[in-house]
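In: quick one: sequence plus predicted model below, questions after.
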Amino acid sequence: MSFIEASQLTKVFRHDIKEPGLIGAAKHLFTQKHVNKTAVDHIDLRIEEGEAVAYVGPNGAGKSTTIKMMSGILVPTSGSVKVAGILPYKNRIENAKIIGAVFGQRTQLWWDIPIQESFSLLKDIYAIPDSVYRKNMQDFTEMLQLDEILHLSARKLSLGQRMRADLAAALLHNPKMVYLDEPTIGLDVSVKQRIREFIKTINRELGTTILLTTHDLGDIEDLCNRLIIIDHGKIIYDGTLSAVKDKFARERTIHFQMQKPFAEPPSWLNQLPGVELHGIADREIALRFDRFRVTASEVVTLAMKYGEIIDFRMDEPDIEHVIKRVYEGSLELDDVKLAGESS
Ligand SMILES: Nc1ncnc2c1ncn2[C@@H]1O[C@H](COP(=O)(O)OP(=O)(O)OP(=O)(O)O)[C@@H](O)[C@H]1O
């Protein structure tokens, strides 16, 4: 059995449709209209204990809704999810003991009391044994440089200080699983780096399973060995970060060095769909092509037909560009079949 098991997990929200103004509100009382919004759409997902997984997608894709079902805040409309064999929404207290959560935009620390006292309260709430509490306080204080802020209230902390304190608070009871929602958003490079190091250490040394949502490619590269992309409530990719480009990066550029110089762009270019001139200088020509429409070998064959090739190389696709498209929601699902692939 996997640590997290989601099976056909689905959440549908009901959105009321109200006409504007007072009359609209009054009408709504009598003729209630609504539409259903499927936020999470029949997701099947397995995450093993100790994995560090990035869960990304554009705004409104369904990330938070999935995590809320995993943490027991929301009840699925259909399907199920189990975390460490527990149904989170049925056993919220049991589930709370094994999970921790950090939400970049909110804090779980008490606003007006010193951080040290927030930690003491959490010790009581989670019934953390003295020895575990002492060890974690010592380790976390060192790793996250908490010394300077333990006597301050959350209200007085900068964003970076608060995030470090929040991380420590979420992990104080040694949860088996931690949900991190944008843990490095808005932080400067050095705090980011410290937080990433901390998360890596927790994952490596305690085997804590990590599910991370982030807009920061650096977080994914640094922390996660697996990337899951969700769009319109459906999982559209599950694999490594590096393999993403094979699936989604549609543009490639081939640079040819030819025997003879070019006087002008060759007319044979338009013989293949999806191929365009990227650059031309003396004997060098760079062709950009859409690999969902033509294959690299078709482009090379074409160039060979019209001139003698001395050398050629193909550019690595730009993964940042692909991930940017993921966040912008502009990845077209129909795109994912390569030219030359059979259906
Ligand atoms: N409590 C709710 N009631 C009604 N609709 C909701 C509710 N929560 C989320 N939704 C809708 O469900 C869809 C998915 O939202 P969700 O918050 O899960 O997306 P997300 O991927 O976390 O987005 P973001 O990156 O903006 O946080 C959105 O269309 C949103 O409007």
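Out: Yes, it's here.
In: how many neighbours does residue 203 have?
Out: Residues contacting residue 203 under the criterion other CB atoms under 10 Å number 19. (C-beta placed from N, C-alpha, C; glycine too.)
In: oops, could you answer that again for residue 13 instead?
Out: Around residue 13 sit 14 other residues, with neighbours defined as other CB under 10 Å.
In: element containing residue 190, please.
Out: If you go by DSSP states H and E, residue 190 is part of helix 189-201.
In: cool, residue 95 as well?
Out: helix 92-98.
In: neighbouring contacts of that helix?
Out: With CB atoms under 8 Å, 6 or more residues apart in numbering as the test, helix 92-98 has contacts from 71-72, 83-84, 86, 88, 126, 173, 175-177.
In: on that earlier part again, return the distance of the helix holding residue 190 from the chain's centre.
Out: In terms of CA atoms, centre = their mean, to the nearest Å, the gap separating the centre of helix 189-201 from the centre of its chain is 17 Å.
In: for that helix, name the packing helices and strands.
Out: Judged by 3 or more CB pairs under 8 Å, 6 or more residues apart in numbering; DSSP states H and E, helix 189-201 is in contact with helix 130-144, helix 159-171, helix 217-223.
In: in a markdown table, list those helices along with mean neighbour count, distance to the ligand and mean pLDDT.
Out: What follows is those, written out as a markdown table (neighbours: other CB atoms under 10 Å; distance: least, CB to the nearest ligand atom, whole Å; pLDDT from 0 to 100):
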| stretch | mean neighbour count | distance to the ligand | mean pLDDT |
| --- | --- | --- | --- |
| helix 130-144 | 15 | 25 | 95 |
| helix 159-171 | 22 | 17 | 93 |
| helix 217-223 | 18 | 14 | 91 |
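In: and the residue lying closest to residue 234 once chain neighbours are set aside, which of the three is it?
Out: When the adjacent residues along the chain are set aside, residue 234 lies closest to residue 41, with 4.9 Å between them (CB to CB, 6 or more residues apart in numbering). Residue 41 carries the three-state label strand when classified by DSSP: H, G, I helix; E, B strand; the rest coil.
In: who touches residue 41 in this structure?
Out: Contacts here follow CB under 8 Å, 6+ apart; on that basis residue 41 touches 10, 62, 232-234.
In: about what we covered before: now the very next helix or strand once past the helix holding residue 95 and helix 189-201, what's the angle there?
Out: Under the assignment DSSP H and E, the closest C-terminal helix or strand after helix 92-98 is strand 99-103. Strand 99-103 and helix 189-201 meet at an angle of 170 degrees, taking axes from the mean of the first three to the mean of the last three CA atoms, to 10 degrees as the criterion.
In: could we number from 59 for the rest of this?
Out: Fine by me, first position is 59 from now on; the one you just mentioned is strand 157-161.
In: residues touching strand 157-161, excluding its own?
Out: Contacting residues not belonging to strand 157-161 are listed as 125, 128-129, 141, 146, 166, 221, 224-225, 228-229, 231, 233-241 [CB under 8 Å, 6+ apart].
In: please repeat the previous calculation with a cut-off of 7 Å.
Out: 129, 141, 224-225, 228-229, 233, 235-239, 241 (CB atoms under 7 Å, 6 or more residues apart in numbering).
In: quick check: residues of the stretch 59-208 of the chain near the ligand?
Out: With CB under 6 Å from any ligand atom as the criterion, the stretch 59-208 of the chain meets the ligand at residues 71, 73, 95, 97, 115, 117-123.
In: can you rerun that using 8 Å?
Out: Residues of the stretch 59-208 of the chain found near the ligand, taking CB under 8 Å from any ligand atom as the criterion, are 69, 71-73, 95, 97-98, 115-126, 132.
In: pull out the buried members of those residues.
Out: Restricting these to buried positions leaves 69, 97-98, 115-116, 119-126, 132, with burial counted as 16 or more other CB atoms under 10 Å.
In: separation between residue 293 and the ligand?
Out: Summarising the geometry, the distance separating residue 293 from the ligand, computed by CB to the nearest ligand atom, to the nearest Å, is 12 Å.
In: these two touch, right, that residue and residue 101?
Out: Yes: with contact defined as CB atoms under 7 Å, residue 293 reaches residue 101; the gap is 5.7 Å.
In: all the helices of the chain, residue numbers only.
Out: 79-88, 121-128, 150-156, 173-183, 188-202, 217-229, 247-259, 275-281, 299-306, 354-364, 377-386 (DSSP state H).
In: sketch out the low-pLDDT regions of the stretch 159-308 of the chain for me.
Out: By pLDDT under 70, the stretch 159-308 of the chain has no low-scoring segment.
In: near the ligand, which residues of the stretch 259-401 of the chain?
Out: Within the stretch 259-401 of the chain, the positions near the ligand by CB under 8 Å from any ligand atom are 271, 288, 291.
In: which stretches of the stretch 259-401 of the chain form strands?
Out: With strands called from DSSP state E, counting those that start in this stretch, the stretch 259-401 of the chain shows them at 267-271, 284-289, 292-297, 309-316, 333-339, 342-348, 367-372.
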